[in-house]
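A.B. asks: Predicted model, plus sequence, below.
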Amino acid sequence: MPTKVIIIIMLVTYVLGAITKAFVVKIPNRFIPFQNCLIGLISAIFCTVLKLEPNFGESLVLCLMATMSAGGTAELIKTLKNQPNVTN
């Protein structure tokens with residue numbers, strides 16, 4: 001994945017996250033995948049407009065995979081932190 005695409009995804013995620021925190025008190029967990037898809041779509045549009053990816057379809061798949069993977073990883077870390085320590 002090109003570095004510029006990663007930077008675009010990070011910036012869009014940061015800006016939308018800041019807007020969400022400013023105007024929405026708490027988003028239920030069931031809406032987070034929709035938020036990640038929106039971030040991926042907006043990132044894909046930026047990457048296509050800036051000509052970082054020549055094809056919108058490829059850009060969309062790349063950005064959606066990146067945002068959904070990041071969301072899944074963040075949820076996994078959050079889940080593991082909330083589990084009690086169990087030793088065998």
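C.D. replies: Looks like it came in fine. Numbers count the residues shown, from 1 in each chain.

A.B. asks: Against which helices or strands is the helix or strand residue 37 falls within packed?
C.D. replies: Assigned by DSSP states H and E, residue 37 belongs to helix 32-49. On a contact count with 3 or more CB pairs under 8 Å, 6 or more residues apart in numbering; DSSP states H and E, helix 32-49 meets helix 3-23, helix 56-82. Any C-beta I mention is one placed from the backbone N, CA and C, and that applies to glycine too.

A.B. asks: what's the pLDDT at the residue nearest the centre of the chain?
C.D. replies: In the chain, the residue lying closest to the centroid (CA atoms, centre = their mean) is residue 67, at 3.0 Å. Per-residue confidence (pLDDT) for residue 67: 81.

A.B. asks: Touching, it and residue 36? I think so.
C.D. replies: Yes: here residue 67 reaches residue 36: they are 4.5 Å apart, a contact under CB atoms under 8 Å.

A.B. asks: mind checking how far the helix holding residue 37 is from the chain centre?
C.D. replies: Offset of helix 32-49 from its chain centre (CA atoms, centre = their mean, to the nearest Å): 8 Å.

A.B. asks: now it and helix 56-82, what's the angle there?
C.D. replies: 140 degrees (axes from the mean of the first three to the mean of the last three CA atoms, to 10 degrees).

A.B. asks: And stretch 31-51, what's buried?
C.D. replies: 35-36, 39-48 (16 or more other CB atoms under 10 Å).

A.B. asks: and residue 42, what is it in contact with?
C.D. replies: 12, 16 (CB atoms under 8 Å, 6 or more residues apart in numbering).

A.B. asks: How about residue 4?
C.D. replies: Counting by CB under 8 Å, 6+ apart, residue 4 touches 47, 50, 52.

A.B. asks: Redo those residues as a markdown table? Include pLDDT and distance to residue 13.
C.D. replies: Shown next, in a markdown table, are those (pLDDT from 0 to 100; distance: CB to CB, whole Å):
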| residue | pLDDT | distance to residue 13 |
| --- | --- | --- |
| 47 | 84 | 13 |
| 50 | 85 | 16 |
| 52 | 83 | 16 |
